[in-house]
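Student: Build me a structure from this.
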Amino acid sequence: MAKSSSGSKSQAIRDYLSAHRGAGPKEVVEKLGEQGVKVSTQLVSVVKSKMKSRGKKRRVVRKPQQATPAASSSSNGLSIGDLVETKKLVDQLGGVKQARAALDALERLR
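Tutor: This next block holds a predicted model:
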């Protein structure tokens with residue numbers, strides 16, 4: 001008996017609860033029984049709780065994605081990709097000393 005004359009049992013429960021907001025499960029079972037719809041108090045409780053949660057928006061919590069080697073960062077906030085680019089620049093300038101000198105000169109210009 002999954003269907004009543006007016007539709008599904010769950011829909012009959014929802015319709016009754018919409019009309020009678022404060023109704024408890026026992027009252028709903030009683031009144032629907034008078035209309036010829038046999039439902040359990042457990043079904044009424046489940047449908048009632050689903051109706052409450054239906055209007056609320058849920059916050060989506062996403063899992064952090066696995067870091068790729070280029071996107072992983074060291075303790076100072078630089079990624080592997082940043083370090084590779086820095087190494088290329090140091091090599092172009094002729095070494096760490098020259099790179100530091102260039103950075104010092106850049107700092108003085110600011």
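Student: Spell out the residue ranges of the helices in the chain.
Tutor: All helices of the chain, identified by DSSP state H, fall at 9-19, 25-34, 41-54, 80-93, 96-109.
Student: Name the residue closest to the centre of the chain, please.
Tutor: In the chain, the centroid-proximal residue (Cα atoms, centre = their mean) is V60; its distance is 1.0 Å.
Student: returning to that earlier point: would you reformat the helices of the chain as TSV and include mean neighbour count, mean pLDDT and distance to Q65?
Tutor: The C-beta positions use only the backbone N, C-alpha and C, and glycine is treated the same way. Putting the helices of the chain into TSV (neighbours: other Cβ atoms under 10 Å; pLDDT from 0 to 100; distance: least, Cβ to Cβ, whole Å) gives the following:
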stretch	mean neighbour count	mean pLDDT	distance to Q65
helix 9-19	16	91	38
helix 25-34	15	92	44
helix 41-54	13	86	29
helix 80-93	12	90	16
helix 96-109	10	90	33
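Student: right, so of the ones you listed, which gets closest to P64?
Tutor: With Cβ to Cβ, the closest approach to P64 among the helices of the chain belongs to helix 80-93: 17.5 Å.
Student: Could you list every helix and strand in contact with the closest one?
Tutor: Using 3 or more Cβ pairs under 8 Å, 6 or more residues apart in numbering; DSSP states H and E as the contact test, the elements touching helix 80-93 are helix 96-109.
Student: For the helix it packs on, output the C-alpha coordinates as PDB.
Tutor: The C-alpha coordinates for helix 96-109 follow below in PDB (Å, rounded to 0.1, in the frame of the first residue of the first chain):
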ATOM      1  CA  VAL A  96      74.100  34.300  -5.600                       C
ATOM      2  CA  LYS A  97      76.400  37.200  -4.800                       C
ATOM      3  CA  GLN A  98      75.500  39.100  -8.000                       C
ATOM      4  CA  ALA A  99      71.800  38.300  -7.400                       C
ATOM      5  CA  ARG A 100      72.000  39.800  -3.900                       C
ATOM      6  CA  ALA A 101      73.800  42.800  -5.200                       C
ATOM      7  CA  ALA A 102      71.100  43.300  -7.800                       C
ATOM      8  CA  LEU A 103      68.400  43.000  -5.200                       C
ATOM      9  CA  ASP A 104      70.200  45.500  -2.900                       C
ATOM     10  CA  ALA A 105      70.500  48.000  -5.800                       C
ATOM     11  CA  LEU A 106      66.800  47.400  -6.600                       C
ATOM     12  CA  GLU A 107      65.900  48.100  -2.900                       C
ATOM     13  CA  ARG A 108      67.800  51.400  -3.000                       C
ATOM     14  CA  LEU A 109      65.900  52.500  -6.000                       C
END
